[in-house]
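Trainee: the following comprises the amino acid sequence and a computationally predicted model.
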Amino acid sequence: MGQVERAPGARRSWLARKREDARAWAAGRMWAPRAALLLYLGYAGYRHLTDSEYTSIFSGITLAIHELGHVLFGFLGEWLSVAGGSITQLAAPVAVALILLRQRDYFGVAVGGAWLSMSLSNLAVYVADARAEELPLVSLGGGDVVHDWNYLLGSVHLLPHDAQIAGMARCAALVLLVASVGLGAWLCAVMARRTPAPA
């Protein structure tokens with residue numbers, strides 16, 4: 001029996017469809033301001049990865065979302081209440097990237113990915129401090145301040161591995177930063193070489 005012929009492009013992967021849609025989206029858009037933002041994101045992401053004391057415009061937002069996460073997860077018990085800060089800190093940039101992907105703002109997806117990278121870098125610093133507990137901590141609730149990652153890793157008997165877990169978070173942050181900046185650079189290149197779509 002002969003094989004059934006399919007129409008060209010009938011079984012293109014989701015990634016291939018998104019790539020073509022991103023090309024179409026980029027046509028005629030301004031690349032220069034996006035390239036400037038991308039340079040900042042690359043620089044800030046690199047500094048977050050290499051300097052534990054570096055802060056960017058994302059740092060305050062990330063801290064506020066982290067503290068909000070403790071409140072949002074507060075009714076789910078002590079463990080999730082403590083973990084909720086870190087969960088929310090990572091979930092927020094993921095949610096932003098998914099919303100922008102749904103709206104076909106592909107450069108916004110790159111920005112969301114870079115923010116997630118910086119958030120992971122920030123989290124890695126916190127995880128690495130789990131045993132030492134040297135970082136200054138803040139709390140919205142008052143009372144005794146709990147070091148999230150000392151508590152979380154201690155509760156699952158992984159406290160001696162705080163440095164290794166922090167290292168894995170940094171590796172993930174680096175991969176995300178490279179992928180996000182790479183996506184943004186590709187989009188800027190497409191914008192720069194394509195003429196505006198006809199009205």
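Mentor: Structure received. Because the structure is a prediction, the values reported are computed rather than measured.
Trainee: mind naming the longest helix for the chain?
Mentor: Ranked by residue count and defined by DSSP state H, the top helix of the chain is helix 162-193.
Trainee: average pLDDT across that helix?
Mentor: The pLDDT scores in helix 162-193 average 96.
Trainee: what's the answer for stretch 91-109, then?
Mentor: This predicted structure assigns stretch 91-109 an average pLDDT of 96.
Trainee: now the most centrally placed residue in the chain, nearest residue through space, not along the chain?
Mentor: Most central in the chain under CA atoms, centre = their mean is Leu116, positioned 1.3 Å from the mean C-alpha point. Across the structure, with CB to CB, 6 or more residues apart in numbering as the measure, the residue nearest Leu116 apart from its sequence neighbours is Pro93 (3.9 Å). The C-beta positions use only the backbone N, C-alpha and C, and glycine is treated the same way.
Trainee: look up how far Ser121 lies from that neighbour.
Mentor: Relative to Ser121, Pro93 is positioned 12 Å away (CB to CB, to the nearest Å).
Trainee: these two: who's more crowded?
Mentor: Ser121 (29 against 24; other CB atoms under 10 Å).
Trainee: the more buried one touches His48, doesn't it?
Mentor: Yes. The pair Ser121 / His48 is scored as a contact, 3.9 Å apart, by CB atoms under 8 Å.
Trainee: who touches both of the two?
Mentor: With contacts defined as CB atoms under 8 Å, 6 or more residues apart in numbering, the residues adjacent to both Ser121 and His48 are Ala173.
Trainee: show me the contacts for the residue nearest to Leu116.
Mentor: With CB under 8 Å, 6+ apart, Pro93 has these contacts: Gly112, Gly113, Trp115, Leu116, Ser119.
Trainee: among the residues you listed, the buried ones, what's the PyMOL command?
Mentor: The buried residues among the contacts of Pro93 can be selected in PyMOL (16 or more other CB atoms under 10 Å) with this line:
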select buried, resi 112+113+115+116+119
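Trainee: now, which of the contacts of Pro93 sits nearest Cys188?
Mentor: Nearest to Cys188 among the contacts of Pro93, counting by CB to CB, is Gly113 at 14.8 Å.
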